[in-house]
Each structure stands twice: as structure tokens, then as C-alpha cells.
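Asker: no letters, just coordinates:
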């Protein structure tokens, strides 16, 4: 299906039309996730990981007011060099950025939207947004959760970012009917670590089983996404105690400085990177690569 404001790269368009495996990738990780040039290097590594696993990568962004699925190396470089000068774009931001002809880095929510428009069923990212700590007072809940409730794209992630309230995030997903699948695990992963103390809805151990669940859900007309929780590889996970201390310190710093809204997560991730001596960034990169590999395997099984 063609959309007025969407441009797919020739490679992505051909793969979708031929019903070959495609994996959507976000661009917030490029502009807001890490510094240049590490962000560009990582984005290209993630694309290569998808290709090496037998699927076509489709990095998504808003470029000059166009929703794009499949970026050129030059466009990735542009996003990486500009960094946080590129607006972080969720669902609410798309009409403004498109109508004004601006660039935007897609979050989980907006990447799901672009992927769905393009006919891409599988999306691999780092971690989803969720219910923030203290949300009972602030009502700070990521748009990613509502997108998962409504948009029929499967999201492979290392759980939710550990700066969030994971228990309330899972409660929210249950309320809106989003299945949370633990890939090879009974426990919901906490981004930098494999353990959170919270369970998943169902455990599946092969990409084929995951693909079968996706087909069953969407063949029954049950709209909405599925969260595939894929733990960070054991050799790259961080010590849970160290992470809790770093997160508490970063949250206190954010509150003291009055950081709010969509600026909170990038601020916290940068603070945690500093507090862990760069170990959190290394873990972040490895878990994204791990999710890209699984996303490609699920996409291949889905389109068999």
C-alpha cells in the first residue's frame, strides 16, 4: 500500500513486495542514544547484523518532511552528526515535522508507525519506553505503550529501559492487551541486566514459535503489537547492584535539574554511562546487535 508521505528505499520496497524478511530499525538511537561518531558506527553495524542474518534492514526516520523506511549511509551520517539537534519524534510530532519539511529521529512509537505503513512486521530496537517512576504524580507514560496496543508490528527489545517502573509498565501492557513474550526466558529483562524480578506472559524458545504466535494474532484480526523481550547476552550484562545505584543517582540529578518530558530518558542514559565508566554504552550496543539478529530470524520465519 502506498502512502502519500512515505518513501521506502528501493531495496526495502522490493523486499516488502516480494514478501522477503525486512527488519525496521529506529533512528533515535542515532541522534539521541550515543555520541558521534559512535552513533553512526553502531547504526551501520546494526544494519550489517540484520543483513548477515538474512534480512533487509530498514532504518526509519523523517528526512526533509518525508517518512522514510530505509536510509542511505549519507542520511545516517546526517542524523549522527546533528545529534540532539534532530528532534526526537513520536506519534504526536509527525504531523508537524512532515508539514514543515523537517528532519526527525523516530522513537519506538513512530518507527512502528512508519514500519506499519511500509508493510514491515518486525522491528528491532534497544529497549522500549514505559511508565516512568513517579508516574502516579507526573502521568509520565511513554507513547510507546499505546502504540504497542494499536499498531500491528512486533517489537524485539531487551525489555524496557531500567530507569522506568518495570512493574507498572508490564501492568499497562497487560491492560491494553499486548502479549509480552520472553525469548528463551521466563523473566522480563531489564535492559542492561537479564533480571528484573518480573515474569513474562509466555516463554518461547525459537524464532519459528514467535512467528507462529504473530501470525495467529494477526490472522484472528487482533490488532496491535507484540513485545518480544530478548535479554542482553549474559557476557555483556551489567551488575544489577551497580546499575541500581547509578540509576538512583541519575534520577536524583534529573529531578534536581528539573529535567522533564522526552528529555528525561536521554539525560538519564548519558548520566548512567558516565557513572558506569562507559560500561552501559557497551552493553547498550551489544543488546541492540543481539536484538537485530533475533529480529532477522523472526522475520525470516514469519515470511517462510
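Answerer: Okay, I see it. These numbers come from a predicted model, not from an experiment. Residues are numbered from 1 along each chain as shown.

Asker: and the pLDDT at residue 133?
Answerer: pLDDT, residue 133: 80.

Asker: next: residue 261.
Answerer: At residue 261, pLDDT is 68.

Asker: and the helices in the stretch 101-250 of the chain, which stretches?
Answerer: Using DSSP state H, counting those that start in this stretch, the helices of the stretch 101-250 of the chain run over residues 108-118, 135-138, 143-150, 166-175, 207-219, 240-257.

Asker: how about stretch 45-52: buried residues?
Answerer: Within stretch 45-52, the residues that qualify as buried are 46-47, 49-50, counting by 16 or more other Cβ atoms under 10 Å. C-beta coordinates here come from the backbone N, C-alpha and C atoms, glycine included.

Asker: contact partners of that stretch?
Answerer: Contacts with stretch 45-52, where a contact means Cβ atoms under 8 Å, 6 or more residues apart in numbering, come from 23, 25, 56-57, 59, 124, 285, 288-289, 292-293, 295-296.

Asker: let's see that with 10 Å instead.
Answerer: 21-26, 29-30, 55-59, 70-71, 73, 76, 122, 124-126, 285, 288-293, 295-296, 299 (Cβ atoms under 10 Å, 6 or more residues apart in numbering).

Asker: narrow the residues you listed to just the buried residues.
Answerer: Buried among these (16+ other Cβ under 10 Å): 21-26, 29-30, 55-59, 70-71, 76, 122, 124-126, 285, 288-293, 295-296, 299.

Asker: list the contacts of residue 66.
Answerer: Contacts for residue 66 (Cβ under 10 Å, 6+ apart) come out as 5-7, 97-98, 101, 103.

Asker: list the beta-bridge partners for it.
Answerer: Taking DSSP bridges as the rule, residue 66 bridges to residue 63.

Asker: how far away is the residue lying closest to residue 115 once chain neighbours are set aside from residue 245?
Answerer: Once flanking residues are discounted, residue 115 sits nearest to residue 24: 3.8 Å by Cβ to Cβ, 6 or more residues apart in numbering. Remark: distance between residue 24 and residue 245 (Cβ to Cβ, to the nearest Å) = 35 Å.
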